[in-house]
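Novice: Build me a model:
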Amino acid sequence: MLLLISEQKNRAHIFQDYSGLYNHIEAGEKQKHGRKGNHHKSQAWVFTRHSYQRMATYQDALAKQAANENDADNGQEKGWDILEIVSGNPAKPVFIPLVHNLDTEPLQKNWCNHYCKAHGLNLIEIMDVGDFRKLGSLGR
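Specialist: Residues are numbered from 1 along each chain as shown. Okay, the predicted model is just below:
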């Protein structure tokens with residue numbers, strides 16, 4: 001369970017996991033930018049999956065994948081989906097091929113933590129009810 005505190009807005013939100021937190025962040029970013037759908041191109045914070053068909057139009061992003069696909073010994077599947085991660089600087093996206101055994105949860109957790117820190121949000125991971133005692137140290 002996660003507790004997100006915005007002292008600036010005097011609000012708190014509880015999430016079951018990082019996927020729920022991510023969905024909250026993404027909704028806020030869409031609202032902030034006033035766009036729906038393909039809004040991420042100008043955003044500084046992106047964590048999204050693109051299908052192989054979509055990424056095929058981005059020749060630069062697929063250059064490394066094409067080289068790997070030509071390597072018969074790599075044991076990888078052809079036609080990977082791509083995970084795009086932008087953490088504050090839209091000029092420096094990271095593209096990660098989503099091979100069948102890639103666990104994206106740690107990547108999403110890291111992205112969420114960086115987003116919260118960059119936006120002055122306090123994020124507390126609650127393992128048990130005793131962790132609520134940490135709340136007393138948040139400026140009270």
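Novice: For Gly28, what is the enclosing helix or strand?
Specialist: Per DSSP states H and E, Gly28 falls inside helix 18-33.
Novice: okay, that helix in PDB with CA atoms only?
Specialist: Extracted C-alpha coordinates of helix 18-33, given in PDB (Å, rounded to 0.1, in the frame of the first residue of the first chain):
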ATOM      1  CA  TYR A  18       2.500   1.300  -8.000                       C
ATOM      2  CA  SER A  19       0.200   0.600 -11.000                       C
ATOM      3  CA  GLY A  20      -2.600   2.500  -9.200                       C
ATOM      4  CA  LEU A  21      -0.200   5.400  -8.300                       C
ATOM      5  CA  TYR A  22       1.000   5.500 -12.000                       C
ATOM      6  CA  ASN A  23      -2.600   5.700 -13.200                       C
ATOM      7  CA  HIS A  24      -3.200   8.600 -10.900                       C
ATOM      8  CA  ILE A  25       0.000  10.400 -12.100                       C
ATOM      9  CA  GLU A  26      -0.900   9.700 -15.700                       C
ATOM     10  CA  ALA A  27      -4.400  11.100 -15.300                       C
ATOM     11  CA  GLY A  28      -3.000  14.200 -13.700                       C
ATOM     12  CA  GLU A  29      -0.500  14.700 -16.500                       C
ATOM     13  CA  LYS A  30      -3.200  14.400 -19.100                       C
ATOM     14  CA  GLN A  31      -5.400  16.900 -17.300                       C
ATOM     15  CA  LYS A  32      -2.400  19.200 -16.900                       C
ATOM     16  CA  HIS A  33      -1.600  19.100 -20.600                       C
END
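Novice: relative to helix 18-33, how tilted is the following helix or strand past it?
Specialist: Using DSSP H and E, the helix or strand that follows helix 18-33 in sequence is strand 45-50. Here the directions of strand 45-50 and helix 18-33 differ by 110 degrees (axes from the mean of the first three to the mean of the last three CA atoms, to 10 degrees).
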